[in-house]
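[1] sharing a model that was predicted from the sequence below.
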There are 2 protein chains.
Amino acid sequence: MNSAEPDNRGAPASESIAEALRALILEGSLGPDARLPGEQELAQRFGVSRPTLREALKRLAAQNLIRTRRGAAGGTFVNRVGWEEAREQLAATTTLLVSTTPIDAEPLAEARLTLLLACAPLACARRREAHLAALQAEIAFAEAPDTDDRAFCASDVRFHRVLGEATDNPLLALHLAGAVEAVQPLLNMLSYRMRDRAAILVRHRAIAERLEARDSAGMATELEALAAYTLALVREAQKLRAARRTPKAGDAD
Amino acid sequence: MNSAEPDNRGAPASESIAEALRALILEGSLGPDARLPGEQELAQRFGVSRPTLREALKRLAAQNLIRTRRGAAGGTFVNRVGWEEAREQLAATTTLLVSTTPIDAEPLAEARLTLLLACAPLACARRREAHLAALQAEIAFAEAPDTDDRAFCASDVRFHRVLGEATDNPLLALHLAGAVEAVQPLLNMLSYRMRDRAAILVRHRAIAERLEARDSAGMATELEALAAYTLALVREAQKLRAARRTPKAGDAD
DNA sequence: GGGCGATAATTGTCTAACAAATGCGCGCTT
DNA sequence: AAGCGCGCATTTGTTAGACAATTATCGCCC
């Protein structure tokens, strides 16, 4: 009646308590925006001290499952997990993975292209005016002369996100956006020259045009061309970096 | 020289400290399996007390970024994030999302099918004997008479995971597996009848056969057939459930 | 030389208290 | 009587020190 299960095979109390609360939340006993009891009461219920219980709560907070507010009407509340938050978390996980794992740029670009190709038919079939407008807005933003490389890259990510959203399938859009958001910064460690940007924008315009015409096959062709161009850019940058390293082997790191 | 940035706009200390450490880990200053200083020293460095610092560490632990071990040679260590862990986390996030968000089965099934179709050409081109063997193993496991619904569903998930791995693209496999793992339990809230299982296994065998023959188009056809069948099953189950509800509106919950 | 116990290092947990924020209501003022 | 501001209660955030539990290591004894 107090601490759910006594112990999870010697796991720290804060961990098993976090899992117990997590199960409660997922089970549906606590709907979104529901308020949990105060920390003192929770601590008593689980039979631990307040700092220990707080560690458990912080674990859940780190997973975006709960939020806390101080003050009189404060407390701990169950978070509503929306598509936005999920996308961010998904992108964070994937980003961490690809940035700490030795992997070539080629499979990353290939994965991005493959997901985009998968979305193309659905996007062409279901796109609405708002999607076309969003695409045009990103193109306009990206071709502005005062857009720096960082902003250009972010806009590029958003451009592809709109393509996912045009499928009208939130789960599909979620995974596409997560992958693109994680891959793009890796592919963009090079800083674009202006003519590279222009070439990319040409591709983007063509893609938007094919989407407007609901021409799925043509869109696939353009997506492949864009992927090929991006990959060529990355390869070129890698070759340059390698060439800069080989002639003078002992320069200042 | 002590606490990195003083405060993140009034955010709790444990949160900003967690973010600071997270940045340190991601920045690469602390490689995998690196040992962090002890809690006391860290607390002094960040200018907080040990419980507060521990809350920060628990946040990171909840994200699988660190692990802790007690004892003399214990401490806090940076976790190596592998494809397995990422897949689990990705599946957990997506599962939480789709299980707390009102969404029809149809887009879920569509997303799954779309991702599988995207993987099909690559999988056919690159599959190895090990993949075919893994597929056959899952088929054999699934058709065993003592396999219950739970195990059947898990095997189904693994079957699709192998399809993703056959693309030889870990990022693609990651997202496919994450989506399938999250969607499958939702589609399988119904318990399969034996003839449903048999029909699914027929499809699985056909898919494995098309993969072996490197017949991408044929595989796509089979995948679509499987998706259509699965969706029909779900629809039928939903209709049954709805029909059971309408005639007697006030029965016992 | 090998097994075994003391030991030290380190995380896990507890207790008690204070600080800070925040909504609410009371009382003061107009 | 109405409006405004100040205190107060509630709740999370943080601190301090101490003890418990665990585990590798080193020295001691056989």
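    Structure received.
[2] list the buried ones in the strand or helix carrying residue A:154?
    In this assignment (DSSP states H and E), residue A:154 forms part of helix A:149-165. Within helix A:149-165, the residues that count as buried by 16 or more other C-beta atoms under 10 Å in any protein chain shown are A:152-165. Bear in mind the C-beta positions are built from the backbone N, C-alpha and C, glycine included.
[3] tell me how far that helix is from the chain's mean position?
    Here the centre of helix A:149-165 is set off from its chain's centre by 12 Å, with C-alpha atoms, centre = their mean, to the nearest Å.
[4] contact partners for the closest residue in space to residue A:155 that isn't next to it in sequence?
    Distances taken as C-beta to C-beta, 6 or more residues apart in numbering or on different chains put residue A:142 closest to residue A:155, at 4.5 Å, once the chain neighbours are dropped. Contact partners of residue A:142, counting by C-beta atoms under 8 Å, 6 or more residues apart in numbering or on different chains, are A:152, A:155-156, A:159, A:197, A:200-201, A:204.
[5] lowest-confidence one in those residues?
    By pLDDT, residue A:197 ranks lowest within the contacts of residue A:142, coming in at 83.
[6] do I have it right that that residue meets residue A:155?
    No: with contact defined as C-beta atoms under 8 Å, residue A:197 does not reach residue A:155; the gap is 10.5 Å.
[7] and whatever residue of the stretch 1-150 of chain A ends up closest to DNA strand C, its phi and psi?
    Nearest to DNA strand C in the stretch 1-150 of chain A, going by C-beta to the nearest atom of the strand, is residue A:71, at a distance of 2.1 Å. Phi and psi for residue A:71, reported as degrees, to the nearest 10, are phi 100, psi -180.
[8] please apply the same query to residue A:148.
    According to degrees, to the nearest 10, residue A:148 has phi -80, psi 180.
[9] mind listing the strands for the stretch 1-150 of chain A?
    Per DSSP state E, counting those that start in this stretch, the stretch 1-150 of chain A carries strands over the ranges A:35-36, A:66-69, A:75-78.
[10] how far is the last one from where the chain is centred?
    Read it as strand A:75-78. With C-alpha atoms, centre = their mean, you get 25 Å for strand A:75-78.
[11] quick check: closest non-adjacent residue to residue A:115.
    Here the residue nearest residue A:115, using C-beta to C-beta, 6+ apart, is residue A:176, at 4.9 Å.
[12] and if you look at residue A:122?
    Per C-beta to C-beta, 6+ apart, closest to residue A:122 is residue A:167, 4.0 Å.
[13] then residue A:85?
    residue A:64 is the one closest to residue A:85 (C-beta to C-beta, 6+ apart), at 5.6 Å.
[14] hang on, the earlier thing: the residue nearest to residue A:122 belongs to a helix?
    No: in this structure, residue A:167 is coil, not part of a helix, as judged by DSSP: H, G, I helix; E, B strand; the rest coil.
[15] who's in contact with it?
    Counting by C-beta under 8 Å, 6+ apart, residue A:167 has contacts A:119, A:122-123, A:126, A:173, B:114.
[16] got it, and residue A:215?
    Residue A:215 neighbours (C-beta under 8 Å, 6+ apart): residue A:124.
[17] mind checking how far it is from residue B:28?
    Distance check for residue A:215 against residue B:28: by C-beta to C-beta, to the nearest Å, it reads 44 Å.
[18] do the same with residue A:230
    24 Å.
[19] same check, this time on residue A:57
    In terms of C-beta to C-beta, residue A:57 sits 30 Å off from residue B:28.
[20] and if you look at residue A:33?
    Residue A:33 is 39 Å from residue B:28, by C-beta to C-beta.
[21] and if you look at residue A:34?
    Residue A:34 is 40 Å from residue B:28, by C-beta to C-beta.
[22] comparing the two, which residue is more hemmed in?
    residue A:34 (13 against 9; other C-beta atoms under 10 Å in any protein chain shown).
[23] which residue packs closest to the more buried one, ignoring adjacent ones?
    residue A:78 (4.8 Å).
[24] swap in residue A:57?
    Counting by C-beta to C-beta, 6+ apart, the residue nearest residue A:57 is residue A:76, at 6.1 Å.
[25] report pLDDT for the one you found.
    96.
[26] next one: it relative to residue A:30, how far apart?
    Distance from residue A:76 to residue A:30, by C-beta to C-beta: 10 Å.
[27] with residue A:104 instead?
    44 Å.
[28] who has more neighbours, those two?
    residue A:30 (17 against 10).
[29] joint contacts of residue A:76 and residue A:30?
    By C-beta under 8 Å, 6+ apart, the residues touching both residue A:76 and residue A:30 are residue A:36.
[30] returning to that earlier point: over to the residue nearest to residue A:122: give its phi and psi.
    phi -70, psi -20.
[31] and it, what pLDDT?
    Reading off the model, residue A:167 has pLDDT 96.
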